[in-house]
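>>> The following comprises the amino acid sequence and a computationally predicted model.
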Amino acid sequence: MSLNLLVGYAGLLQMAHAAYYGIGAYTTALLTINLGFSFLPSLIASALVAGILSLLISLPAWRLKGDYFVMLSLAIQVGFYSIMYNWTGLTNGSFGISGIPKPVIKGNVFVTLDNIFVLFSLITILCGLLIFRLLRSPWGRALKAMRDDELAARGIGKNTRLLKLEAFFIASAFAAIAGGMYASYVGYIDPTSFTVNESILMLSMVVVGGTGNFRGPILGAFTLIAIPELLRFLQFPDAVAANVRLLAYGLLIIFIAHLRPQGIAGEYRL
Amino acid sequence: MAMGFSIVYNSTGILHVAQGAVYSISPFLLVSLIDAGFGLPASTAIVLLLAIFISLALELLNHWPLYKKDASLQSHFISSLGIYIAIIQIIAMVWGNETRVLKGAIAPAYSFWNVTITKPQALGGSLSLIAILCFTFWLCRTEGGVRFMALSDNPIQLSLMGYDISKLRLFAFGLSGFFTMLTALLTAIDVGFDPHSGLNMVFLGIVATIIGGKSSFAGPVIGGILLGIVRSQVVWHTSARWENMLTFLILVLFLFFRPQGIMGKKGGLGTL
């Protein structure tokens, strides 16, 4: 949903979303383990940190667009991944961070799968509602105007630079919240969960489901999650199951690019 | 690699990520052909033809139909990404995910002045130099080369003048396949190969193209050489772990302060 804010509404093909997801995961892990933050404050802090670090990509986005922006976002992705992998003093490098505590809210520890499912579903719905309200607001329409014709949007008085800053801040903050939830759910994180491949997977969800409206990315996420479940019925050997899943993703992306560039349920043609 | 990337990028505007798949599959095909009893020269020739064939197929089956539909460059990029993912998974399923080597023993090295280079590196440098010189000669001295430069300058005007740009685009993809195959085999001889190294090589090609200047065919060569020197200095003075970080830091600096690259003209298409 947050990536759609950039790809579908701002028209910026972001390839660094997994980096901000990772920033959220690491911030939550470090704050809960080292500084004793509880779950919700650490999520909020993660969102703020990722939002501030989004300036690294949103400031250059004032000048760069199209291919140049894709390349810049790839550079940001690789840069953050390198930091996660190599800054061993902070992130523990390739060994990762283990022992991340389970969510605790007002003394209630969410340990069982059912509890965590309910809590994370509530947070996801809340985030979804916030994004929905944003997209339906004048701000969301201004973003669409900027996507369709930036010069015209400027001409009618929209501050497109500020719009880009805000869009990146919000999208990165939501990605960081997802990262924080992931970290506290699995209890262990390492840099391999936040590579460019994860960014490609997120982009695939948006592209397949559809860009430029609220329902597209949700449908895309369900489609891409459903594929491995459906493939189980074909009983591929375990050794190739992951490859078959990724092969299906690749073919689906090609199919969408050729036959339905706006995605299954989208409005904006990439 | 940068040359292969920029030939397609300059002439079509496509971020040719699927080039990484051509890069990844070439050494695997070579090994399979050698194992099947073909000699090294015959196997290399067949791989060369197959790499060119795959590149041509990418244009004919993917990019040209999208171009005819007036699809955006983002659609080209995304479909290219899809093709890359699909081919890499096929490679992994057929040949496995392990890193392999083409040579069996430690390569002999040559030393002159204070420089030591291995035989595969010397071979790679020489062959790359010959290929680039031949391409430059063709580009500057032949009518086909002039048409090719015109394609990268203004494809619409070129087609209005009656030239068949579909053939020129095909040629660009074929040439890119040749350069990519050459890089893949030479790198495989030097440091080995695995199915997933292609994307990283495409990224390096992109960075070299931006550093050198995307509006010039000589730019990526210069960018590639500079990038190679800087990366080796990083390994020498700090650690190989920071190679990629520094590479992309250089890219960011160029995007900020000189988006047209060293050899490029001011006012790139990607800037406002």
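Nice, I can see it.
>>> From now on I want contacts and neighbour counts done on CA atoms only, so please keep to that.
Noted.
>>> And the helix or strand where A:Ser73 lies, what does it pack against?
According to DSSP states H and E, A:Ser73 maps onto helix A:67-86. Packing partners of helix A:67-86 (3 or more Cα pairs under 8 Å, 6 or more residues apart in numbering or on different chains; DSSP states H and E): helix A:17-34, helix A:55-58, helix A:196-209, helix B:243-257.
>>> can you give me how far that helix is from the chain middle?
In terms of Cα atoms, centre = their mean, to the nearest Å, the centre of helix A:67-86 is found 14 Å from the chain centre.
>>> thinking again about what came up before, reformat the helices and strands packed on helix A:67-86 as a markdown table; add mean pLDDT.
Output for these, formatted as a markdown table (pLDDT from 0 to 100):
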| stretch | mean pLDDT |
| --- | --- |
| helix A:17-34 | 95 |
| helix A:55-58 | 84 |
| helix A:196-209 | 89 |
| helix B:243-257 | 84 |
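>>> so can I have JSON lines of those showing mean neighbour count?
Below are the helices and strands packed on helix A:67-86 laid out as JSON lines (neighbours: other Cα atoms under 10 Å in any protein chain shown):
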{"stretch": "helix A:17-34", "mean neighbour count": "26"}
{"stretch": "helix A:55-58", "mean neighbour count": "19"}
{"stretch": "helix A:196-209", "mean neighbour count": "24"}
{"stretch": "helix B:243-257", "mean neighbour count": "19"}
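>>> Just put those helices in TSV and tack on distance to B:Leu227.
Shown next, in TSV, are these (distance: least, Cα to Cα, whole Å):
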stretch	distance to B:Leu227
helix A:17-34	24
helix A:55-58	23
helix A:196-209	21
helix B:243-257	7
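>>> need the contact list for A:Asn4.
Shown in contact with A:Asn4 (Cα atoms under 8 Å, 6 or more residues apart in numbering or on different chains): A:Val206, A:Thr211, A:Gly212, A:Asn213, A:Pro217.
>>> try 10 Å
Neighbouring residues of A:Asn4 by Cα atoms under 10 Å, 6 or more residues apart in numbering or on different chains: A:10-14, A:131, A:171, A:202-203, A:205-207, A:210-214, A:216-218.
>>> Tell me the spacing between it and chain B.
15 Å (Cα to the nearest Cα, to the nearest Å).
>>> Can you classify that residue by secondary structure?
Assigned with DSSP: H, G, I helix; E, B strand; the rest coil, A:Asn4 falls in the helix class.
>>> related to what we said a few turns ago, show me the subset of the contacts of A:Asn4 that also lies near chain B.
When Cα under 10 Å from any Cα of the partner chain is applied, the members of the contacts of A:Asn4 adjacent to chain B are A:Gly11, A:Leu12, A:Leu13, A:Leu203, A:Val207.
>>> what about residue 68, neighbour count?
I went with chain A, as the question did not name one. 20 (other Cα atoms under 10 Å in any protein chain shown).
>>> Correction: the question concerned chain B.
Neighbours around B:Lys68, by other Cα under 10 Å: 8.
>>> Now stretch A:49-68 - C-alpha only, PDB.
Taking C-alpha atoms only, stretch A:49-68 is exported to PDB below (Å, rounded to 0.1, in the frame of the first residue of the first chain):
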ATOM      1  CA  VAL A  49      13.800   7.300  11.600                       C
ATOM      2  CA  ALA A  50      12.700   5.900   8.200                       C
ATOM      3  CA  GLY A  51      10.800   9.100   7.400                       C
ATOM      4  CA  ILE A  52      13.900  11.200   8.100                       C
ATOM      5  CA  LEU A  53      16.200   8.900   6.100                       C
ATOM      6  CA  SER A  54      13.700   9.100   3.200                       C
ATOM      7  CA  LEU A  55      15.200  12.600   2.600                       C
ATOM      8  CA  LEU A  56      18.100  10.800   1.100                       C
ATOM      9  CA  ILE A  57      15.900   9.700  -1.800                       C
ATOM     10  CA  SER A  58      13.200  12.500  -1.800                       C
ATOM     11  CA  LEU A  59      15.700  15.400  -2.100                       C
ATOM     12  CA  PRO A  60      17.300  14.000  -5.200                       C
ATOM     13  CA  ALA A  61      13.800  13.200  -6.500                       C
ATOM     14  CA  TRP A  62      13.300  17.000  -6.900                       C
ATOM     15  CA  ARG A  63      15.600  16.900  -9.900                       C
ATOM     16  CA  LEU A  64      15.600  13.300 -11.100                       C
ATOM     17  CA  LYS A  65      12.900  11.300 -12.700                       C
ATOM     18  CA  GLY A  66      12.400   8.400 -15.000                       C
ATOM     19  CA  ASP A  67      15.400   6.100 -15.500                       C
ATOM     20  CA  TYR A  68      17.600   8.300 -13.300                       C
END
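>>> got the buried residues for that stretch?
For stretch A:49-68, the neighbour count (16 or more other Cα atoms under 10 Å in any protein chain shown) marks A:49-51, A:53-55, A:57-58, A:60-62, A:64-68 as buried.
>>> For the closest residue to chain B within chain A, which residues are in contact?
Using Cα to the nearest Cα, the closest approach of chain A to chain B is made by A:Gly250 at 4.1 Å. Shown in contact with A:Gly250 (Cα under 10 Å, 6+ apart): A:201, A:204, A:244, A:256, B:78-89.
>>> May I have the secondary structure class of it?
helix.
>>> What distance do you get for the residue of chain B positioned farthest from its centre to chain A?
Distance from the centre of chain B peaks at B:Trp113, with 31.1 Å (Cα atoms, centre = their mean). Distance, B:Trp113 to chain A, by Cα to the nearest Cα: 35 Å.
>>> Over to B:Asn200?
10 Å.
>>> That residue: neighbour count?
Neighbours of B:Asn200 (other Cα under 10 Å): 14.
>>> right, and it touches B:Thr247 too?
No - under the criterion of Cα atoms under 10 Å, B:Asn200 makes no contact with B:Thr247, lying 11.3 Å away.
>>> For the stretch 151-270 of chain A, what lies in contact range of chain B?
So far as Cα under 10 Å from any Cα goes, the stretch 151-270 of chain A lies against chain B at A:151, A:196-197, A:200, A:203-204, A:207, A:239-259, A:261-262, A:269-270.
>>> Buried ones only from those, please, as a PyMOL command.
Written as a PyMOL command, the selection of buried residues from those, which uses 16+ other Cα under 10 Å, is:
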select buried, chain A and resi 196+200+203+204+207+241+243+244+245+246+247+248+249+250+251+252+253+254+255+256+257+258+261+262+269+270
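>>> Among the contacts of A:Gly250, which are located in helices?
A:201, A:204, A:244, A:256, B:78-89 (DSSP state H).
>>> Which single one of the residues you listed is nearest to A:Gly36?
Closest approach to A:Gly36 among those (Cα to Cα): A:Leu201, at 32.6 Å.
>>> wait, that closest one sits on A:Tyr249?
Yes - checked against Cα under 10 Å, the pair A:Leu201 and A:Tyr249 is within contact range at 8.4 Å.
>>> okay, and the common contacts of these two?
Common contacts of A:Leu201 and A:Tyr249 (Cα under 10 Å, 6+ apart): A:Leu224.
>>> one step back: out of the contacts of A:Asn4, which end up buried?
A:10-14, A:131, A:171, A:202-203, A:205-207, A:210-214, A:216-218.
>>> Keep only those of those residues that are in helices.
Going by DSSP H, the helices hold A:Ile131, A:Ala171, A:Met202, A:Leu203, A:Met205, A:Val206, A:Val207, A:Gly216, A:Pro217, A:Ile218 from the buried ones among the contacts of A:Asn4.
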